[in-house]
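Q: How does the following fold in three dimensions:
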Amino acid sequence: MPGQRRYSQLSAWCDGVGGGKVAEAGKDWMKKTKQEKTNLSYQVFCLLILCLCFMLTCLLIDSKVLGEGKEYNKGWASFLADEPSTFSNLPLEWSMNSSIPAWIRGSYVKNGPSRKQFGDSRHYTSYLDSWGKLHKFTFNEGSVTFSGRMIETANYNKSVNRGEMVPTITLSKVEPKDWSVLEVMEGIDNGFDNTNVMLWKLGPADRATGQYIAVTDYPYVHQVDPDTLAVQRKMGLDLGRDGISLGSCAHWRREVGKDTSLNFHLILNPIKLRLDFTLYRFGNTWNDREVVGQFPMPHSSYIHMFSNTPNYAVIVVYPVSMDLWSLATHNMHPMETITKLDVPTKIYLMDLRDGTVIDGFESDDENLVFSTHHMNAWEEKDEVVFDLACNQWDAMATYLDIETMLHHPDTDSDKANFVMKRVRLDLVTKAVTVEDWPNQRGIPMLNTADFPIINTEYTGYKNRFAYGWISIDYWKQTLLKKDLENSLNDKTWSRPSHYPGEVFFIPRPGAEDEDDGVVVTIVFDGEKKQSYLLLLDGQTFEELNLSYLPHNVPFSFHGNWFPEMS
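A: Below is the predicted model:
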């Protein structure tokens, strides 16, 4: 360690040169005159001050280099630690001397990584490869219970039973030793089944109808029992009926005013050796699906999310591609094949009524090179407008690298590396206009949010309020309430060394105001090294209550609200 070397140098200096001078001065002390003693005392005093300054300098340098002792990253490594335990319906107690709104009835279920190791020395290098776990908070007339269970897929169970990491297709390499040639072959046979991004409900908000599915961008899902959180079965497209899907989307969309769901698959066209973007409409079950429309992809593109208005699906094809043909040279790690193409970003609208496609929208705006999450989309006269979180082109490959997450330096930045933008598509001229979000307060970070969330009753229509997550240097995290009509009203919530995640807005039944409801999220207290459930007032953004949890919840991805699960 740099500091240890400096302390050793200091010790040697004091014991040697410095220490010798102090000893020699002591032997001659009694022989000196009063003035000489005074002068020598001053010299010794200066020497001690010099030693003290040197030691303080070492401490300050180490604190800067290692980031230790700073209030904003305490307990950060513990937040990313594994937590694979299973528990069910544990009652929660609230910390504040107040009750929670009795009208909150339903379950908030969040999906996210929770296990990186299985007993052997191997571990994943990308947080995206960590195995998913579901955490469920069930609200019922003022009481809340807490459940958690790993998404016990076939490959996950193989690793648990073997007591070591079983070879699978992993997005990035494993360490300290990546898969051997034989293990790659075993991994290809095992495939990929880590559905660690979100839980979605097919069908209406009715426990008796539909299916709950754990999902990711891989083209397979797992049906999950909403009571026990147990995996029931794995489901995918039919090869004969649908063809070979090489990718899908973790962010399913609900059709506006309907119970049907939308999602896409990138279907391999074996004759033309290209990918066809194919949008599906799902009814109450996985097998109850139909093709809405299809168009040939101009090139392979990493599309993590799309959005929809009442009439259109909004699809952005980024100049960011996975070179799937080179997988064999990258030990079958898809994230290692991500490249940036020298082409513009292209945007397509698919008419949900008849499947026709409107193309011709292109942009060279650097902000649109890649986006993780769409927030909302709506129609305004001859325009389709949508808001989205824009990221660096290689964000999916680099941002969740575990070593980077753990040891990222303090940059003293006043904003995050992502930014929210508004995009306008002119249906007549095909012009693409990229706009900044309003920021009348002039605080840079207020426009640099990700995980954007709105009141879902406004999906497909222009919303005024948005909620998001700001992360500077990973551990400096802030929650945001954005007023898109008057940004002087923007509000934030944060505590030093407290790490929230994506929020979800629960609207109050019968509310007239868009922001009348409760914002829920899970926070990790780095000081206590303990997670808690946090409720914020949707209007004031003030704390309503919080409850420390008997089991920690590692950094997770996305949550959903299920009003029928009370």
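
Q: Point out where the stretch 51-200 of the chain drops to low pLDDT.
A: Residues of the stretch 51-200 of the chain meeting the criterion pLDDT under 70: 51-70.

Q: quick one: the helices in it?
A: For the stretch 51-200 of the chain, the helices defined by DSSP state H, counting those that start in this stretch occupy 76-79, 154-162, 181-190.

Q: now the chain
A: In the chain, the segments counted as helices under DSSP state H are 2-13, 19-27, 34-66, 76-79, 154-162, 181-190, 239-242, 395-398, 402-407.

Q: quick one: average pLDDT of the last one?
A: Taken as a whole, helix 402-407 carries a mean pLDDT of 94.

Q: buried sites along that helix?
A: 402, 405 (16 or more other C-beta atoms under 10 Å). Just so you know, the C-beta spots here come from the backbone N, C-alpha and C atoms, and that holds for glycine as well.

Q: hang on, the earlier thing: between the helices of the stretch 51-200 of the chain, which one is nearest to Ile470?
A: Nearest to Ile470, of all the helices of the stretch 51-200 of the chain, is helix 76-79, at 16.0 Å by C-beta to C-beta.

Q: which residues are contacting that closest one?
A: 406, 474-475, 497, 499, 524, 526, 529, 552, 554-555 (C-beta atoms under 8 Å, 6 or more residues apart in numbering).

Q: Now the buried members of those residues.
A: Buried among the contacts of helix 76-79 (16+ other C-beta under 10 Å): 474-475, 497, 499, 524, 526, 552, 554-555.

Q: Output the residues you listed in a markdown table, with distance to Thr309 and pLDDT appended to each entry.
A: Below are these laid out as a markdown table (distance: C-beta to C-beta, whole Å; pLDDT from 0 to 100):
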| residue | distance to Thr309 | pLDDT |
| --- | --- | --- |
| Tyr474 | 34 | 94 |
| Trp475 | 37 | 93 |
| Ser497 | 41 | 96 |
| Tyr499 | 34 | 97 |
| Phe524 | 36 | 98 |
| Gly526 | 41 | 97 |
| Asn552 | 39 | 98 |
| Pro554 | 35 | 97 |
| Phe555 | 32 | 96 |
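
Q: Tell me which two in those are the farthest apart.
A: Between any two of those (C-beta to C-beta), the greatest distance is 17.6 Å, for Tyr474 and Asn552.

Q: before we move on, back to that, which one of the helices of the stretch 51-200 of the chain is the most hemmed in?
A: helix 76-79 (a mean of 19; mean count of other C-beta atoms under 10 Å).

Q: Could you measure from Gln530 over to Ser95?
A: 11 Å (C-beta to C-beta, to the nearest Å).

Q: When these two are compared, which one has more neighbours?
A: Gln530 (17 against 14; other C-beta atoms under 10 Å).

Q: In contact with the more buried one, which residues?
A: 524, 548-549, 552 are the contacts of Gln530 under C-beta under 8 Å, 6+ apart.

Q: swap the cut-off to 7 Å and go again
A: 548-549, 552 (C-beta atoms under 7 Å, 6 or more residues apart in numbering).

Q: Check Leu182 too.
A: Per C-beta under 7 Å, 6+ apart, neighbours of Leu182: none.

Q: which one of the contacts of helix 76-79 is nearest Ser114?
A: Closest to Ser114, out of all of these and judged by C-beta to C-beta, is Pro554, at 5.2 Å.

Q: That closest one contacts Pro113, correct?
A: Yes. Counting by C-beta atoms under 7 Å, Pro554 touches Pro113, with 6.4 Å between them.

Q: From Ser95, how far off is Ala102?
A: From Ala102 to Ser95 the distance is 18 Å (C-beta to C-beta).

Q: Ok, Ser547 next?
A: 6 Å.

Q: what's the distance between the residue nearest to Leu533 when sequence neighbours are not counted and Pro226?
A: In space, and not counting its chain neighbours, Leu533 is closest to Ser547: 4.8 Å by C-beta to C-beta, 6 or more residues apart in numbering. In this view, Ser547 and Pro226 are 22 Å apart by C-beta to C-beta.

Q: Could you do Ile244 as well?
A: 31 Å.

Q: go on, Asn439?
A: 41 Å.

Q: Looking at those two, which is more packed in?
A: Using other C-beta under 10 Å as the criterion, Asn439 and Pro226 rank with Pro226 on top: 20 against 17.

Q: Contact partners for Gln117?
A: If you count contacts by C-beta under 7 Å, 6+ apart, then Gln117 has 82, 123 around it.

Q: make it 8 Å
A: Residues 82, 123, 165 are the ones in contact with Gln117 under the rule C-beta under 8 Å, 6+ apart.

Q: Buried only: go through those residues for me.
A: The buried subset of the contacts of Gln117 - by 16+ other C-beta under 10 Å - is 82, 123, 165.

Q: Can you tell me how far the closest residue to the last one other than its chain neighbours is from Cys249?
A: The one in question is Met165. Nearest residue to Met165, sequence neighbours excluded (C-beta to C-beta, 6+ apart): Arg122, at 4.4 Å. Going from Arg122 to Cys249 by C-beta to C-beta gives 29 Å.

Q: Could you do Leu406 as well?
A: Applying C-beta to C-beta to Leu406 and Cys249 gives a distance of 29 Å.

Q: can you check Val184 too?
A: Counting by C-beta to C-beta, the gap from Val184 to Cys249 is 27 Å.

Q: if we can go back for a sec, look up the residues that both of Ser547 and Ser95 are in contact with.
A: Contacts common to Ser547 and Ser95, judged by C-beta under 8 Å, 6+ apart, are Tyr532.

Q: average pLDDT across stretch 412-419?
A: 96.

Q: isn't Val369 right up against Val320?
A: Yes. Counting by C-beta atoms under 8 Å, Val320 is a contact partner of Val369 at 6.8 Å.

Q: Just want to know which of the two has more residues nearby.
A: Val320 (25 against 21).

Q: and the more buried one, what is it in contact with?
A: Val320 neighbours (C-beta under 8 Å, 6+ apart): 301-302, 338-341, 369-370, 393-394.

Q: Looking at neighbours, which among these is most surrounded?
A: Of the contacts of Val320, with other C-beta under 10 Å as the count, Phe370 tops at 25 neighbours.

Q: distance of that one from Cys390?
A: 7 Å.

Q: Repeat that for Ile358.
A: Per C-beta to C-beta, Ile358 is found 22 Å from Cys390.

Q: And Lys258, by the same measure?
A: From Lys258 to Cys390 the distance is 29 Å (C-beta to C-beta).

Q: Have a look at the two and say which one is more surrounded.
A: More neighbours surround Cys390 than the other of Lys258 and Cys390, with 23 against 12 (other C-beta under 10 Å).

Q: Thanks a lot, catch you later.
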